[in-house]
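Colleague: structure, please.
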Amino acid sequence: MSAVAELAVPRAEAIARLNDALRKQGVGGTIMVTRGVRAITGYNSPELAEALAAFGAFDADNDPHGERDFGDLTLWGQDMFWKIDYYDADFRFGSDDPADANKTRRVLTVMLKGEW
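Modeller: Numbers count the residues shown, from 1 in each chain. Take a look at the predicted model:
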């Protein structure tokens, strides 16, 4: 095995790292919050950002592909989901290669469970 092959990151981990950058630092995509979440009494966007960054409860049920693209939170007494979708550069279609940051536009959406 060559040194280059040993350094290659598996596809799922490459996607997960890009997803983590969006979720934890808000870079590499867009974060959307639904109207339902914004209407919660006590809604606080910095607190939501902190909860997203701290999320680490990935398991086989919510992360079967190892991409760290889905999770659930409870904040301000409300149960929520967050998910990351992958789009092409024009936001018209799904991305052909979510592991390629140059071809993919990420959108992390936070929603109430009832909005799923």
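
Colleague: please count neighbours and contacts with C-alpha atoms only from this point.
Modeller: Will do.

Colleague: and stretch 101-108, average pLDDT?
Modeller: pLDDT averaged over stretch 101-108 equals 97, rounded to a whole number.

Colleague: give me the distance between it and the centre of its chain.
Modeller: The offset between the C-alpha centroid of stretch 101-108 and the centroid of the whole chain comes to 11 Å, using CA atoms, centre = their mean, to the nearest Å.

Colleague: and for it, what's in contact with it?
Modeller: When contacts are taken as CA atoms under 8 Å, 6 or more residues apart in numbering, the neighbours of stretch 101-108 outside the stretch itself are 18-19, 22-23, 28-32, 82-89, 91, 95-98.

Colleague: return the set of buried residues in that stretch.
Modeller: Neighbour-count burial for stretch 101-108 flags Lys103, Thr104, Arg105, Arg106, Val107, Leu108 (criterion: 16 or more other CA atoms under 10 Å).

Colleague: out of these, who's nearest Ala39?
Modeller: Nearest to Ala39 among the buried residues of stretch 101-108 is Leu108, at 18.3 Å by CA to CA.

Colleague: partner strands of the strand or helix carrying that closest one, with direction?
Modeller: Secondary-structure element containing Leu108, defined by DSSP states H and E: strand 105-112. The pairing partners recorded for strand 105-112 under DSSP bridges are strand 29-33 (parallel), strand 78-87 (antiparallel).

Colleague: can you give me the helices in the chain?
Modeller: Under the criterion DSSP state H, helices of the chain are mapped to 3-7, 11-25, 35-38, 45-54.

Colleague: quick one: low-confidence parts of the protein?
Modeller: 1-7 (pLDDT under 70).

Colleague: partners of the spatially most central residue of it in the sheet?
Modeller: Centroid check for the chain by CA atoms, centre = their mean gives Ile84 as the closest residue, at 3.8 Å. Assessed by DSSP bridges, Ile84 has beta-bridge partners Leu108.

Colleague: I figured it hits Phe70, correct?
Modeller: Yes. Between Ile84 and Phe70 there is a contact under CA atoms under 8 Å: 6.5 Å.

Colleague: circling back: quickly note the distance from the residue nearest to the centre of the chain to Ile31.
Modeller: 9 Å (CA to CA, to the nearest Å).
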